[in-house]
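1. based on what follows, work out the 3D shape:
(chains A and B)
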2 protein chains.
Amino acid sequence: MENDYKALSPETLASRLSDLEVMKWSVGADPAGWSVREVGDGNLNLVFIVEGKAGSVIVKQALPYVRLVGDSWPLPLKRAFFEYHALIRQEARDPGSVPAVLHFDESQALIIMERLQPHIILRQQTMEGRKVEGLARTMGLFAARTAFRGSDLSMKAGDKKADAALFAGNVELCDITETLVFTDPYYDAEMNRHTTPQLDGIVAALRADEALKVEVQHMKRAFTSRGETMCHGDLHAGSIMVTHDNSRVIDPEFAFYGPFGFDIGMLIGNYLMAYHAMPAHIADEAACRDYQDWILAVIDETWSVYCEEFMRLWRTERTGILYPASLYEDQGHGFASEAAGQQLLGEIFCDLVGFAGIEMHRRILGLAHVAELDSLEDEDVRARCEAKCLKLGQMLIMNRNRLTGMDAVIAAARRAETGEQA
Amino acid sequence: MENDYKALSPETLASRLSDLEVMKWSVGADPAGWSVREVGDGNLNLVFIVEGKAGSVIVKQALPYVRLVGDSWPLPLKRAFFEYHALIRQEARDPGSVPAVLHFDESQALIIMERLQPHIILRQQTMEGRKVEGLARTMGLFAARTAFRGSDLSMKAGDKKADAALFAGNVELCDITETLVFTDPYYDAEMNRHTTPQLDGIVAALRADEALKVEVQHMKRAFTSRGETMCHGDLHAGSIMVTHDNSRVIDPEFAFYGPFGFDIGMLIGNYLMAYHAMPAHIADEAACRDYQDWILAVIDETWSVYCEEFMRLWRTERTGILYPASLYEDQGHGFASEAAGQQLLGEIFCDLVGFAGIEMHRRILGLAHVAELDSLEDEDVRARCEAKCLKLGQMLIMNRNRLTGMDAVIAAARRAETGEQA
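-> Residues are numbered from 1 along each chain as shown, chains lettered A, B, ... in the order given. Take a look at the predicted model:
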């Protein structure tokens, strides 16, 4: 398969894709009239915007190595296959949540998809202190629907097992998560970096925390073993594109079968980092506080929408083999099914809190950082924000089974924020 | 594939297999000198003993339906493929624990394997009140080694994911477990049967226990989602063949990737049923008590051997991606890895107790019963034994996360036994 593969370039794209009907319809019949820009700012792939008289599309093509690092770190092209399969499942499970797929070419590791316009990356929006109307609702629904509808709560058992087997092939991208998220941050691994020397003390303390390292490996075991649903796999603030009132999810190439709470946990970890970074981005204290309150409200609402939607689907779409109606509703024991659903949400909550804490650690201690923090040029300022994230992450990981709810997470974040400032 | 398939018979076996080198070597060069007996007493397959001058072998062939029920219940031939793959993995992970595979023919769904001789099924041995020296040690080692070495604690991540994907194809046999073990027993499903009317009251109470039904479905979720290791999948007392001092494991066609505690839980559930059945099999009270004590000692030792072996492998073979030495031993934090291993064993214990309880329920309420109980012709006697099992099962499922260890399970079994007799 990879023999036919050839990376596109702005110069070759039009001639190579001009025969595709979908390009004629979506961009324009005459490829001479197409304009092509490579805009990939991610770590892994080529991304082109192709514009013409009829409109514009995104052409995304995997490279056979990690773009951020170069060809010394090969990465298989099949990740485009998993991204394609994840996108069409997400579209089916939460219509409109992801860019429409217009074309997939497996041998070229290439996906042509809807161009989201005028969307920008959520992270940029956040750093500019701009809110997104409906963000919490959209993401809560997305996380709940993809979680529920990709699981044994909803799917036929054979379909779910076949799907889990298919995504089990996404080994190399899972390996990135297994290594860079769950392992490297907790010891002095080669690819790590952190703000030094300001954070050296707290980083050393974290890596000396044996109980923490045990908990994180328990969570890693959940990541590798607990195939509850198809996860996006990389749902951070760079995988969400927004306008002032619309949010869409992109880039599910890390898709895998994992714990219900993984995606929403990563997402909330990213929100919490943004929360602690904001004072370095918004000079006006009242404006900053207002924006920070908005972030915490987004966290709170995302989880409450998730719970509400999950239970709605539980009551109306529980067609899978787990918790079957034959045992509950059909026996006049509908309240038991309600209890079971709420207990499951309780488990998901514990997981998401742990994953959030780990995401906060790896973005400060590991290879891949987040712009909210990394863009802060004053290292003392940056380290101050990062230290809050590290401490909160540690608290969340260690206490994930004992918190009373999202209110407790939010209270802890507020305490980490003000405690450090005092 | 199934086009070429043709079921063997005692009449056709010799001519059909006479060209195989392995048969010439293992049975004899002249097929005219082979004697063939069909001895399958299980629910699913054809099993032949083929004897000749050079020795004897077992020829096991899957049928395209459930033998117990008939061709109204089709069951795919590929289960032989999974049995073959499970057998060679079990042999690699715990050498000598299973019959040696001599030949596998996928299109005929046929495995030729070592004949265990003079072994009989453990269940028969138990019903005759005969002990098996070394049973606990052999089974504890088998359960621990296959669990550990089939998991992300030991395997390369890509190998484990590929293997989990392979076994994900065993859909129909998993469906049997999902339906007959985890669901049907807990409501009035069509294929169920129980000793009636003696058990009607307790069965109705069990099926009215909403909290119990919730817990069982949580365990079912673990079964379908938690792909921690390759499980045997059907490790009951009919899947163990014994002499007075040797134990071997057979029939892993239900193999799947599931929870660490599944196999040992099913096994201990079967031991507990035998424990409660013994008074109906051994008339002499002292002899009976002695044998019952032996069964409880086997349970205790099986688990302690499991723990000991699991931790030995943890310390010496933890080569997988979970709990890597780079985080612990290499940092001078070896004690943290010890703590992590013990915590994991604690989780496995909770699971095994739950699975044991569920196994005890389904063997009395569901389709497939166990001979220790089912062979008791006096229905009052049988019901008395079964009632103890049902109550103990319920206690184990509901309290699995709160028991102090295997001593507590054993104490509960003793209490169920004497409490009912009083």
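2. what is the three-state secondary structure of the most centrally placed residue in chain A?
-> Residue closest to the average C-alpha location in chain A (CA atoms, centre = their mean): A:L235, at 0.5 Å. Put simply, A:L235 is coil when judged by DSSP: H, G, I helix; E, B strand; the rest coil.
3. so who does it touch?
-> For A:L235, the contacting residues are A:A143, A:V249, A:D263, A:I264, A:M266, A:L267, by CB atoms under 8 Å, 6 or more residues apart in numbering or on different chains. All C-beta spots, glycine's among them, are computed from the backbone N, C-alpha and C.
4. how does it look with 7 Å?
-> By CB atoms under 7 Å, 6 or more residues apart in numbering or on different chains, the contact set of A:L235 is A:D263, A:M266, A:L267.
5. adding distance to A:L376 and pLDDT, write those out as TSV.
-> Shown next, in TSV, are the contacts of A:L235 (distance: CB to CB, whole Å; pLDDT from 0 to 100):
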residue	distance to A:L376	pLDDT
A:D263	27	98
A:M266	22	98
A:L267	22	98
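6. what's the closest non-adjacent residue to the residue nearest to the centre of chain A?
-> Among residues not flanking A:L235 along the chain, A:D263 sits closest, at 4.3 Å (CB to CB, 6 or more residues apart in numbering or on different chains).
7. quick one, phi/psi of the residue nearest to the centre of chain A?
-> The phi and psi torsions at A:L235 (degrees, to the nearest 10) take the values phi -90, psi 70.
8. against A:D378, how distant is it?
-> 30 Å (CB to CB, to the nearest Å).
9. cool, and A:I49?
-> Counting by CB to CB - A:I49 and A:D378 are separated by 34 Å.
10. the two: who's more crowded?
-> Neighbour totals were compared for A:I49 and A:D378, and A:I49 leads with 16 against 9 (other CB atoms under 10 Å in any protein chain shown).
11. which of the residues in the helix or strand containing that one are buried?
-> Using DSSP states H and E, A:I49 maps to strand A:45-52. Within strand A:45-52, the residues scored as buried using 16 or more other CB atoms under 10 Å in any protein chain shown are A:N45, A:L46, A:V47, A:F48, A:I49, A:V50, A:E51, A:G52.
12. that one: how far from the chain's middle?
-> On the basis of CA atoms, centre = their mean, to the nearest Å, strand A:45-52 sits 22 Å off its chain's mean C-alpha point.
13. residues contacting A:P10?
-> Taking CB under 7 Å, 6+ apart, one finds A:V36, A:R37, A:E38, A:F48 in contact with A:P10.
14. and for A:A255, nearest residue in space, chain neighbours not counted?
-> In space, A:A255 is closest to A:A86, 3.6 Å off (CB to CB, 6+ apart).
15. so for the helix or strand containing that neighbour, what gets flagged as buried?
-> For A:A86, the element it lies in under DSSP H and E is helix A:79-93. Of all the residues in helix A:79-93, those buried under the rule 16+ other CB under 10 Å are A:R79, A:A80, A:F81, A:F82, A:E83, A:Y84, A:H85, A:A86, A:L87, A:R89, A:Q90, A:R93.
16. and the strands in the stretch 151-300 of chain A?
-> Secondary structure of the stretch 151-300 of chain A (DSSP state E, counting those that start in this stretch): strands at A:229-231, A:240-242, A:247-249, A:256-258.
17. which one of those strands lies closest to B:E11?
-> strand A:256-258 (47.5 Å; CB to CB).
18. which helices and strands sit right next to the closest one?
-> With contacts defined as 3 or more CB pairs under 7 Å, 6 or more residues apart in numbering or on different chains; DSSP states H and E, the packing partners of strand A:256-258 are helix A:157-167, strand A:229-231.
19. report the strands that pair with it, each with its relative direction.
-> Strand A:256-258 sits in its sheet next to strand A:229-231 (antiparallel), going by DSSP bridges.
20. pretty sure A:L77 sits in a strand.
-> No: assignment of A:L77 by three-state DSSP gives coil, placing it outside any strand.
21. for A:A7, see how far away the residue lying closest to it once chain neighbours are set aside is.
-> Nearest residue to A:L77, sequence neighbours excluded (CB to CB, 6+ apart): A:A109, at 3.8 Å. Per CB to CB, A:A109 is found 9 Å from A:A7.
22. what's the overlap in contacts for the two?
-> A:Q61.
23. which one of those two has more residues nearby?
-> Ranked by neighbour count (other CB under 10 Å), A:A109 and A:A7 place A:A109 first, with 26 against 14.
24. correct me, but the more buried one touches A:Q61?
-> Yes: applying CB atoms under 7 Å, one finds A:A109 in contact with A:Q61, separated by 5.8 Å.
25. run a quick neighbour tally on the nearest residue in space to A:A92 that is not next to it in sequence.
-> Spatial nearest neighbour of A:A92, chain neighbours left out: A:R149 (7.8 Å); criterion: CB to CB, 6+ apart. Neighbours of A:R149 under the rule other CB under 10 Å: 21.
26. next: A:D4.
-> Counted with other CB under 10 Å, A:D4 comes out at 9.
27. ramachandran angles for the residue lying closest to it once chain neighbours are set aside?
-> Closest residue in space to A:D4, ignoring its immediate chain neighbours: A:S107 at 4.6 Å, by CB to CB, 6+ apart. Backbone torsions for A:S107, taken as degrees, to the nearest 10, come to phi -70, psi -30.
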